[in-house]
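In: Here you go, sequence then predicted model.
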Amino acid sequence: MTHIENSPAEMETGRPEGTDVLGNDSERRMPKLLMSYEEATWSMGVSERTLRNMINDGRLPAVKFGKRTLFYVEDLRAMIRTHRTTVGEQDLSGGP
């Protein structure tokens, strides 16, 4: 009987390389629909306080599941589009 050595990924996770936690082919995973505060702040490059202000001001919708606040990815993309600007539309120099 031949022993097949496990890949480093399989040794670390205990599952075959290229599979997710449920053993499904990771290439076929559904993309995330909702993001946590941590994921949203990292993705957008803003602080958690900024996101909270946007929610409180009614500029950004949020999804509540119990105590968890989550963000629909498309809402985050829409927020980015509304704040998108090009040079010439406003003074981006930061000077007086």
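Out: Received the coordinates, thanks.
In: CA only for contacts and neighbour counts going forward, please
Out: OK.
In: which residues of this structure fall in helices?
Out: Remark: helices assigned in the chain by DSSP state H are 8-13, 37-44, 48-56, 73-82.
In: any chance of those in CSV, plus mean neighbour count?
Out: Shown next, in CSV, are the helices of the chain (neighbours: other CA atoms under 10 Å):
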stretch, mean neighbour count
helix 8-13, 12
helix 37-44, 14
helix 48-56, 14
helix 73-82, 13
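In: Compare those helices and give me the one nearest residue 66.
Out: Minimum separation from residue 66 across the helices of the chain (CA to CA) falls at helix 37-44, 14.7 Å.
In: before we move on, back to that, wait, which of the helices of the chain is closest to residue 62?
Out: Residue 62 lies closest, by CA to CA, to one member of the helices of the chain: helix 48-56, at 6.9 Å.
In: in its sheet, what does the longest strand anywhere in the chain sit against?
Out: Counting by DSSP state E, the longest strand found in the chain is strand 68-72. If you go by DSSP bridges, strand 68-72 pairs up with strand 34-35 (antiparallel), strand 63-65 (antiparallel).
In: And the contacts of the shortest one?
Out: Applying CA atoms under 8 Å, 6 or more residues apart in numbering, the set of residues contacting strand 34-35 from outside is 70-73.
In: Contacts only, for residue 38.
Out: residue 48.
In: Return the distance of it relative to residue 87.
Out: As for residue 38, its distance to residue 87 is 30 Å (criterion: CA to CA, to the nearest Å).
In: which other residues reach the longest strand of the chain?
Out: 33-37, 40, 61-64.
In: Out of those residues, which comes closest to residue 48?
Out: Nearest member of the contacts of strand 68-72 to residue 48, counting by CA to CA, is residue 37, at 6.5 Å.
In: how much space between the closest one and residue 79?
Out: For residue 37 relative to residue 79 (CA to CA), the value is 15 Å.
In: same thing with residue 64?
Out: Distance, residue 64 to residue 79, by CA to CA: 18 Å.
In: Many thanks, I have nothing further to ask.
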